[in-house]
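# only geometry, no sequence info:
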């Protein structure tokens, strides 16, 4: 397990930047209308921009924001190895991203050559975080300065990429990958498609955080399975994000 200490497992949860299409500024409505014309052809010709915004805006960094970032890292304690899990949540995205940078700084102080690991993080989580930092007029941490780098120059670990085995046309959801690998996934009362409603309607960030950390835990289990690790999986320890 010693060689896994420099890995920071990560997952983000995103929601549309407004609770409804009608509440977007006029300029953003116009831009979403352009996006919606493309989405209609690939999803549902009868779908309105309003319907598509509710269903799909959360995956586009220009039309959504990050409300939760989950972390996991392996630590050795007196009774053996533990996977420490921690979530950051905030309605103010800039505050959340600043807290994220603080976590990275502390982890980098301990492990200067650390790498991220997540499911589809190379195409979603990391680019999404970078774009939202730029939108919030923030500088990018050194570990996220990826402009101009070739894919093989990016050191971060992606369980989706590991599962592809070079097949770049193939996508497998984390839940499906865990299932076929025989990895029990923690039960959740929501899925990714419901996060926006839980945020805007239920206003339940804690529930979103629990869901996010379940994905972090599952990702860590999948990663060890793909790397053919023989050790028993460490007991997860949830670290409170309360200050």
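Sure, I can see it. Just so it is clear, the model here is predicted, and its values are computed rather than measured. Numbers count the residues shown, from 1 in each chain.
# now the longest strand along the chain: average pLDDT?
If each strand of the chain is counted by residues according to DSSP state E, the longest one is strand 64-77. Strand 64-77 comes out with an average pLDDT of 93.
# check which residues of it are buried.
By 16 or more other C-beta atoms under 10 Å, the buried positions in strand 64-77 come out as 64, 65, 66, 67, 68, 69, 70, 71, 72, 73, 74. From N, CA and C alone the C-beta is placed, and that goes for glycine too.
# in terms of contact, does residue 97 touch residue 139 like I think?
No. Using C-beta atoms under 8 Å, residue 97 makes no contact with residue 139, being 10.7 Å away.
# and the angle from the host helix or strand of residue 214 to strand 64-77?
In the assignment (DSSP states H and E), residue 214 maps to helix 205-226. Relative orientation of helix 205-226 versus strand 64-77 (axes from the mean of the first three to the mean of the last three C-alpha atoms, to 10 degrees): 60 degrees.
# ok so, going back, can you pull the residues that touch both of residue 97 and residue 139?
Contact criterion C-beta atoms under 8 Å, 6 or more residues apart in numbering; residues shared by residue 97 and residue 139: residue 133.
# ok, those two, which is more surrounded?
Shown here are residue 97 and residue 139; by other C-beta atoms under 10 Å, residue 97 has more neighbours (21 against 10).
# could you list the low-pLDDT ranges of the protein?
Applying pLDDT under 70 to the chain flags residues 1-2, 40-45, 149-153, 186-187, 229-231, 240-243.
# ok, which stretches of it are helices?
Applying DSSP state H to the chain gives helices spanning 26-42, 49-56, 93-110, 126-135, 159-164, 174-180, 195-200, 205-226.
# list the buried residues of the last one.
Of the residues in helix 205-226, 205, 207-225 count as buried by neighbour count, 16+ other C-beta under 10 Å.
# pretty sure residue 85 is in contact with residue 214, am I right?
No. Taking C-beta under 8 Å as the definition, residue 85 is not a contact partner of residue 214, at 9.2 Å.
# show me what the helix holding residue 214 is packed against.
Applying 3 or more C-beta pairs under 8 Å, 6 or more residues apart in numbering; DSSP states H and E, one finds that helix 205-226 contacts strand 7-16, strand 64-77, strand 80-89, strand 115-118, helix 159-164, helix 174-180, helix 195-200.
# switch the cut-off to 6 Å
strand 7-16, strand 64-77, strand 80-89, helix 159-164, helix 174-180, helix 195-200 (3 or more C-beta pairs under 6 Å, 6 or more residues apart in numbering; DSSP states H and E).
# okay, buried residues for stretch 148-168 please.
154, 156, 157, 158, 159, 160, 161, 162, 163.
# from residue 11, how far off is residue 102?
18 Å (C-beta to C-beta, to the nearest Å).
# who has more neighbours, these two?
The neighbour comparison of residue 102 against residue 11 (other C-beta under 10 Å) goes to residue 11, with 26 against 11.
# show me the contacts for the closest residue to residue 118 other than its chain neighbours.
Using C-beta to C-beta, 6 or more residues apart in numbering and skipping the chain neighbours, the partner closest in space to residue 118 is residue 10 (4.8 Å). By C-beta atoms under 6 Å, 6 or more residues apart in numbering, the contact set of residue 10 is 71, 116, 118.
# switch to 10 Å and redo it
Contacts for residue 10 (C-beta atoms under 10 Å, 6 or more residues apart in numbering) come out as 69-73, 100, 103-104, 116-119, 121, 125-126, 129, 156, 212, 215-216, 219.
# still on that earlier bit, closest one to residue 143 among the helices of the chain?
Of all these, it is helix 93-110 that lies closest to residue 143, at 6.4 Å by C-beta to C-beta.
# between that closest one and strand 7-16, how many degrees?
180 degrees.
# check which residues of helix 93-110 are buried.
Neighbour-count burial for helix 93-110 flags 93, 96, 97, 99, 100, 103, 104, 107, 108 (criterion: 16+ other C-beta under 10 Å).
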